[in-house]
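Q: Can you look at this prediction? I've put the sequence above it.
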Amino acid sequence: MIKKFAVRNIRLCTKDCLCLYICPTGATDTENSIIDVSRCIGCGDCADACPSGSISMVPVGYPPQQEKAESVVNALNLLLRSKTEQESIAAGLPGKLALAIERSNQIMAEDIIREAGYMLPQSENVRDFLKSLQQSEGFPSDKARRLLELLSENEEK
Ligand code: SF4
Ligand code: SF4
């Protein structure tokens, strides 16, 4: 079984087509510009050849996420709370600057959540989190169920 596969960032692609000629399996030559994972053997030749750095090699399976120390989780929670408070304050203010502050705080909050390990879709803790949302009052459980169906589990045991 291959350990990694190629993914093309279409925004960076300058369409010089080197990857099309170098790929031994034709996985890069698709109608929709998305590399065909089913044909990729993970050799990495396309990523090495791409002049614009638009191809990345992505691991098929990820190691299990490590437990976070309680002190780290507490610090992340504090920071997250502060960012969401700042986002709420900015949301109540007029003007473009307030809107920019609102959005930047939202992005930082998302980054903090991701750093805490809850937004890596392959991880078991995301699945646990979504399962808990299914039981959570007021949360649309069908959405959580749909996300669980869509997210493939590829964390190595
Ligand atoms: S080699 Fe890189 S820049 Fe050229 S077509 Fe392929 S992905 Fe795009
Ligand atoms: S990693 Fe190898 S097989 Fe996969 S798309 Fe790139 S060149 Fe083709």
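A: It's in. Ligands and ions are numbered 1, 2, ... in the order given.

Q: and Arg81, how many neighbours?
A: 12 (other C-beta atoms under 10 Å). Where you see a C-beta, it was placed from the backbone N, CA and C, and this is true even at glycine.

Q: Would you mind listing the buried residues in stretch 66-86?
A: Leu76, Leu79, Leu80, Lys83, Gln86 (16 or more other C-beta atoms under 10 Å).

Q: doesn't Ala109 make contact with the fourth one?
A: Yes - the pair Lys83 and Ala109 passes the contact test of C-beta atoms under 8 Å, sitting 4.2 Å apart.

Q: Show me the strands in the protein, by range?
A: Using DSSP state E, the strands found in the chain span residues 4-8, 55-59.

Q: How many residues are close by Gln113?
A: If you look again at residue 113, you'll see it is Ile, not Gln. Neighbours of Ile113 using other C-beta under 10 Å come to 14.

Q: Identify, out of the strands of the chain, the most deeply packed stretch.
A: strand 4-8 (a mean of 19; mean count of other C-beta atoms under 10 Å).

Q: Distance-wise, check Ala75 relative to ligand 1.
A: As defined by C-beta to the nearest ligand atom, to the nearest Å, Ala75 lies at a distance of 40 Å from ligand 1.
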